[in-house]
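# Let me see the structure of the following:
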Amino acid sequence: MQHSQSEIKKILDQGMITRSLVESEVSMRKCEMFSEMAHDREVKAFFKDQASALEGVTGFLKSKLAQIM
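Modelled structure (predicted):
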């Protein structure tokens, strides 16, 4: 089965976005966990902010993935 160049690009893009999405979700969950484990208020706030930022990244990647599909 032959695929056109645009189909190959779409498949590769979908794979890269999916991988980035999974990695971002894992990092977000880790930041949430670190925020809960931290005792220092500043450290808690830092990890909470990072988790929030990564939530924005995952939302962006999900929208791009929906556009490709």
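# Now do the helices in the chain.
5-37, 41-68 (DSSP state H).
# Let me have those helices in JSON lines, extended by mean pLDDT and mean neighbour count.
(C-beta placed from N, C-alpha, C; glycine too.) Converted to JSON lines, the helices of the chain look like this (pLDDT from 0 to 100; neighbours: other Cβ atoms under 10 Å):
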{"stretch": "helix 5-37", "mean pLDDT": "94", "mean neighbour count": "14"}
{"stretch": "helix 41-68", "mean pLDDT": "96", "mean neighbour count": "14"}
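# what sits against Ser20?
If you count contacts by Cβ atoms under 8 Å, 6 or more residues apart in numbering, Ser20 has them with Leu61.
# Against Met28, how distant is it?
To Met28, Ser20 is 12 Å away according to Cβ to Cβ, to the nearest Å.
# Same question for Phe47.
Following Cβ to Cβ, the distance that separates Phe47 from Met28 is 10 Å.
# give the contact list for the residue nearest the centre of the chain.
Nearest to the mean C-alpha position of the chain, by Cα atoms, centre = their mean, lies Ser24 at 2.9 Å. By Cβ under 8 Å, 6+ apart, the contact set of Ser24 is Leu54, Val57, Thr58, Leu61.
# Need the max-distance pair from the residues you listed.
Leu54 and Leu61 (10.2 Å; Cβ to Cβ).
# picking that back up, so can I have JSON lines of the contacts of Ser24 showing distance to Lys9?
As requested, the contacts of Ser24 are arranged in JSON lines below (distance: Cβ to Cβ, whole Å):
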{"residue": "Leu54", "distance to Lys9": "27"}
{"residue": "Val57", "distance to Lys9": "22"}
{"residue": "Thr58", "distance to Lys9": "23"}
{"residue": "Leu61", "distance to Lys9": "17"}
